[in-house]
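# let me see the structure of the following:
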Amino acid sequence: MMRWPPTVRWPARATGSAILLAAFACGASAERIETRDGQPAVAVGRDTIGPAAPPGAPARDFPAPQRDVASIVAPRWIDEDSRDDAGEFRTVVRLAGIRAGQSVADIGAGDGYYVARLSPLVGARGTVFGQDIVTEYLGLLQRRVQRDQLANVRVVLGDEHDPRLPARSVDVALMIHMYHEIAQPFALLWNLASAMRAGGTLVILDLDRPTIGHGTPRALLHCELSRVGYTRRSFTRTGAEEYVAVYVAPDSARRPSPAQLRASLTATPCRAP
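Purely as a prediction, here's the structure:
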């Protein structure tokens with residue numbers, strides 16, 4: 001399916017020109033939001049793009065991961081035509097079982113590759129949450145939503161430790177090529193469970209490689225998710241390194257408390273192999 005472009009080498013920490021180079025390599029525009037008659041076409045401030053729910057449990061209640069966290073370097077993975085040609089979206093939708101009328105959250109939506117394709121799929125009776133923690137990316141997404149008149153899409157600003165999605169509102173949550181960028185995975189997964197409907201699923205597309213290399217080893221992924229109470233439903237290899245993992249979210253009343261989670265991870269940490 002998808003393969004990491006051989007000419008791109010992501011740095012552990014990208015700043016300044018490194019971010020611009022990464023964005024160019026991914027086909028992302030380095031320009032600011034367009035203006036019309038001297039006015040912004042899309043406002044990207046917190047007054048127009050914000051959370052969809054009150055704060056959940058704070059990050060300080062949870063332990064930090066015992067692994068490297070990759071930098072966020074661009075609003076998209078690679079160019080959209082390449083992803084379409086590889087059948088990425090179709091494969092993820094099939095494995096996730098996404099259908100019309102569902103509520104789907106794209107966590108780390110960037111500039112909206114999945115959001116634009118999910119919107120017609122779930123239809124007028126469904127909802128798509130395009131969520132990210134980078135306001136500038138959400139500005140790009142909001143412009144796309146307005147341009148394409150995606151009436152069932154809600155653009156959401158989250159926190160590193162909390163997706164800030166409405167309680168019991170999500171049937172399927174997607175994390176596409178971004179799990180390794182989550183700085184507070186235990187807090188994020190715990191708070192995400194509050195947003196999931198009964199039996200809701202989390203679908204993760206990633207590469208089986210070290211997190212600093214923009215992937216997540218399979219065993220590490222399972223350790224982190226299972227500690228928060230997520231149950232694996234399927235694991236599918238979709239390329240030489242690539243996989244799609246589908247997990248059922250825990251009932252928010254039955255997940256371990258932050259204190260229990262901290263104690264468990266202190267006794268037996270989740271570490272990269």
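
# okay, and the beta partners of Asp132?
Asp132 has these beta-bridge partners by DSSP bridges: Leu157.

# now for it, how many residues are close by?
Using other CB atoms under 10 Å, Asp132 is surrounded by 26 other residues. C-beta: built from backbone N, CA, C; applies to glycine.

# just the helices in this structure please.
Per DSSP state H, the chain carries helices over the ranges 17-25, 80-86, 88-96, 113-122, 135-147, 185-195, 218-227, 258-267.

# out of those helices, which gets nearest to Val246?
Distance to Val246, taken as CB to CB, is lowest for helix 88-96 among these, at 6.0 Å.

# other SSEs contacting that closest one?
In this structure, helix 88-96 makes packing contacts with helix 113-122, strand 170-176, strand 196-207, strand 242-248, judged by 3 or more CB pairs under 8 Å, 6 or more residues apart in numbering; DSSP states H and E.

# which residues are contacting that helix?
Contacts to helix 88-96, defined as CB atoms under 8 Å, 6 or more residues apart in numbering, come from residues 1-2, 83, 113-114, 117, 121, 172, 174, 176, 201, 203, 205, 234, 236, 238, 244, 246.

# what do you get if the cut-off is 10 Å, keeping everything else the same?
Residues outside helix 88-96 that contact it (CB atoms under 10 Å, 6 or more residues apart in numbering) are 1-2, 77-78, 80, 82-84, 87, 98-99, 102, 104, 113-114, 116-118, 121, 171-174, 176-177, 201-205, 233-236, 238-239, 242, 244-246.

# for that helix, C-alpha coordinates in CSV please.
Output of helix 88-96 as CSV, limited to C-alpha atoms (Å, rounded to 0.1, in the frame of the first residue of the first chain):
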residue,chain,number,x,y,z
GLU,A,88,-5.1,3.7,1.1
PHE,A,89,-8.5,5.2,1.9
ARG,A,90,-10.5,2.3,0.5
THR,A,91,-8.4,-0.2,2.6
VAL,A,92,-8.8,1.8,5.8
VAL,A,93,-12.5,2.2,5.3
ARG,A,94,-13.0,-1.5,4.6
LEU,A,95,-11.0,-2.6,7.6
ALA,A,96,-12.7,0.0,9.8
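
# report the buried residues of it.
Residues of helix 88-96 classed as buried by neighbour count (16 or more other CB atoms under 10 Å): 88-89, 91-93, 95-96.
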